[in-house]
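Chemist: Pasting a predicted model and its sequence here:
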Amino acid sequence: MPLVVVVPAMVWVTLLLIAGGFALVRARDVQQRVIALDLLAVVVVALLALLSYFWDVGYYLDAAVALSLLSFVATVAAARYLGSGGPFG
Amino acid sequence: MISVVLDVVGAVLLLIGLTLMTIGVVGVLRMPNTYAQLHAQGLATGPGVIAVLASSVATENAAIITFAVLAIAFVVLTSPVAGHAIARSAHRRDTRRK
């Protein structure tokens, strides 16, 4: 992957990360905070993928897979908890 | 020859993915209620990150492409379920409040 593509993409994803943090701060209720956190996790997954392309090593994508699964479990647990008042309800 | 073609394909996929993720982030910032924000967020968490991960074909590195395919499979499985869970919790809260 040529550097002229990867480096601007990494800068842009970092800007998206800052905008996602702003969305997290601006959220008005708990569901909107969960949405913003899920979005932030996905932006970090994209940033890890771009780091993997930049250094041409595979192990950043291990972290990306683990982070995507962890954010899925966290999102579903938080949503179940908010919807029914308990994690197994 | 094939390397140049793969570079172009990867750059185009990266551009598509970053455009979709930008639309998602701007939508979450601009939309007024939870359901509309969830609609915009699903664009970033589904197709956006899939396109960014699919641009790994341009690296021509077998380890990177294998893990990117694995990550795409996980995202395809988990992103709709997470969006559905958030929408369900918001819907239950709204019906309880009434």
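Modeler: Received, thanks.
Chemist: alpha carbons only for contacts and neighbour counts from here, please
Modeler: Will do.
Chemist: low-confidence ranges in chain A?
Modeler: A:85-89 (pLDDT under 70).
Chemist: Which single residue of chain A ends up nearest chain B?
Modeler: Chain B sits closest to A:Gly83 of chain A, with a gap of 3.9 Å, by Cα to the nearest Cα.
Chemist: Now for that residue, how many residues are close by?
Modeler: 23 (other Cα atoms under 10 Å in any protein chain shown).
Chemist: Does chain A have contacts with the helix or strand containing B:Leu15?
Modeler: Per DSSP states H and E: B:Leu15 is located in helix B:2-30. Yes: under the criterion of Cα under 8 Å from any Cα of the partner chain, chain A is reached by helix B:2-30 at B:7, B:10-11, B:14, B:18, B:21-22, B:25, B:28-29.
Chemist: As JSON lines, the residues you listed with neighbour count, distance to B:Leu70 and pLDDT would be great.
Modeler: Converted to JSON lines, those look like this (neighbours: other Cα atoms under 10 Å in any protein chain shown; distance: Cα to Cα, whole Å; pLDDT from 0 to 100):
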{"residue": "B:Asp7", "neighbour count": "21", "distance to B:Leu70": "21", "pLDDT": "91"}
{"residue": "B:Gly10", "neighbour count": "24", "distance to B:Leu70": "18", "pLDDT": "92"}
{"residue": "B:Ala11", "neighbour count": "23", "distance to B:Leu70": "21", "pLDDT": "93"}
{"residue": "B:Leu14", "neighbour count": "25", "distance to B:Leu70": "18", "pLDDT": "94"}
{"residue": "B:Leu18", "neighbour count": "24", "distance to B:Leu70": "20", "pLDDT": "95"}
{"residue": "B:Met21", "neighbour count": "30", "distance to B:Leu70": "20", "pLDDT": "95"}
{"residue": "B:Thr22", "neighbour count": "22", "distance to B:Leu70": "24", "pLDDT": "95"}
{"residue": "B:Val25", "neighbour count": "25", "distance to B:Leu70": "25", "pLDDT": "95"}
{"residue": "B:Val28", "neighbour count": "30", "distance to B:Leu70": "27", "pLDDT": "93"}
{"residue": "B:Leu29", "neighbour count": "20", "distance to B:Leu70": "30", "pLDDT": "93"}
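Chemist: one step back: does the residue of chain A closest to chain B touch B:Thr95 like I think?
Modeler: No: if you go by Cα atoms under 8 Å, A:Gly83 and B:Thr95 don't touch, sitting 10.5 Å apart.
Chemist: From the contact counts, what lies against the helix holding B:Leu15?
Modeler: In terms of contacts (3 or more Cα pairs under 8 Å, 6 or more residues apart in numbering or on different chains; DSSP states H and E), helix B:2-30 is packed against helix A:3-26, helix A:30-55, helix B:34-43, helix B:49-54.
Chemist: Can I get those in CSV including distance to B:Ile2 and mean neighbour count?
Modeler: Below are the helices and strands packed on helix B:2-30 laid out as CSV (distance: least, Cα to Cα, whole Å; neighbours: other Cα atoms under 10 Å in any protein chain shown):
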stretch, distance to B:Ile2, mean neighbour count
helix A:3-26, 18, 16
helix A:30-55, 18, 22
helix B:34-43, 31, 21
helix B:49-54, 17, 25
